[in-house]
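A.B. asks: for reference, the sequence and a predicted model appear below.
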Amino acid sequence: MAKIDILIDGYAKKLDDGWIVNPTVVLIQNKGKNLIVDPGADRKALLDSLEKRGLTVNDIDVVFLTHGHTDHVLLAGIFEKARVYNFTEIYEGIREWEHDNRIEELDLEILPTPGHMPDHCSLIVPTDEGVVVVAGDVFWWVDGEEQIIDIERPDQHFASDPKALIESRKKVLEIADFIIPGHGKMMRV
């Protein structure tokens, strides 16, 4: 079974003129491989967190990107030895090909979850504690907000397709025992 480790709890702090933001960065270990979900934008925090676990960027085999927003993907390039998965593609250096919604190296399933962005996807991770869905921005909270799951919460201005987002939230809730949101702490369903 896969092991999950939260490297950075995601945050989103509203400023008068913008945001201080970084996603939840997740390390998944399975079948002798290391995968990072949404490496984010906070380089120092990410490198420090890896170092605390005895890992370097060269120990990461796969990077999974839930979607293309800069706060989620900015640091993907520091993992030069890793394959990078997104909504439909795998990249290895400059080579690109399509996947079949699986990360074979770690035996994990990719779940299309459009709504926040048309090309949003989540990762289904079976663990000894239950099924964890690393959901990216299917769910997110601004710092200080109570993390209550409301599939129709009034944050739809962050959605490219609010109806699709609601359907993606329903899909994740049907599958997950635990959800790791794009911004916020892991939570039990």
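C.D. replies: Yep, it's here.
A.B. asks: which ones are touching residue 14?
C.D. replies: Listed by Cβ atoms under 8 Å, 6 or more residues apart in numbering, the contact partners of residue 14 are 142, 143. The way it works is simple: take the backbone N, C-alpha and C, and place the C-beta from them, glycine included.
A.B. asks: show me what the mean pLDDT comes to for the one helix or strand residue 169 maps to.
C.D. replies: Using DSSP states H and E, residue 169 falls within helix 162-175. The average pLDDT for helix 162-175 rounds to 95.
A.B. asks: list the buried ones in it?
C.D. replies: 164, 165, 166, 168, 169, 171, 172, 173, 175 (16 or more other Cβ atoms under 10 Å).
A.B. asks: the fifth one - nearest residue in space that isn't next to it in sequence?
C.D. replies: Residue nearest to residue 169 in three dimensions, not counting chain neighbours: residue 151, with 4.2 Å by Cβ to Cβ, 6 or more residues apart in numbering.
A.B. asks: and residue 131, by the same measure?
C.D. replies: residue 177 is the one closest to residue 131 (Cβ to Cβ, 6+ apart), at 5.0 Å.
A.B. asks: before we move on, back to that, name every strand pairing with the helix or strand following the helix holding residue 169 and say which way it goes.
C.D. replies: Heading C-terminal from helix 162-175, the first helix or strand you meet, by DSSP H and E, is strand 178-183. The strands beside strand 178-183 in its sheet (DSSP bridges) come out as strand 130-140 (parallel), strand 187-188 (antiparallel).
A.B. asks: of all the ones you listed, which lies closest to residue 115?
C.D. replies: Of all the strands paired with strand 178-183, it is strand 130-140 that lies closest to residue 115, at 7.0 Å by Cβ to Cβ.
A.B. asks: for the closest one, what is the average pLDDT?
C.D. replies: On average, strand 130-140 scores 97.
A.B. asks: which stretches of this protein have low pLDDT?
C.D. replies: Counting by pLDDT under 70, the ranges of the chain that qualify are 154-157.
A.B. asks: recalculate using a threshold of 80.
C.D. replies: The model of the chain has pLDDT under 80 over residues 153-158.
A.B. asks: break down this protein into its helices, ranges please.
C.D. replies: Under the criterion DSSP state H, the chain carries helices at the ranges 43-52, 70-73, 162-175.
A.B. asks: in a markdown table: those, plus distance to residue 21.
C.D. replies: Shown next, in a markdown table, are the helices of the chain (distance: least, Cβ to Cβ, whole Å):
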| stretch | distance to residue 21 |
| --- | --- |
| helix 43-52 | 13 |
| helix 70-73 | 5 |
| helix 162-175 | 19 |
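A.B. asks: how about those, which one is nearest residue 37?
C.D. replies: With Cβ to Cβ as the criterion, residue 37 lies closest to helix 70-73 of those, at 8.9 Å.
A.B. asks: report the buried residues of the closest one.
C.D. replies: Of all the residues in helix 70-73, those buried under the rule 16+ other Cβ under 10 Å are 71, 72, 73.
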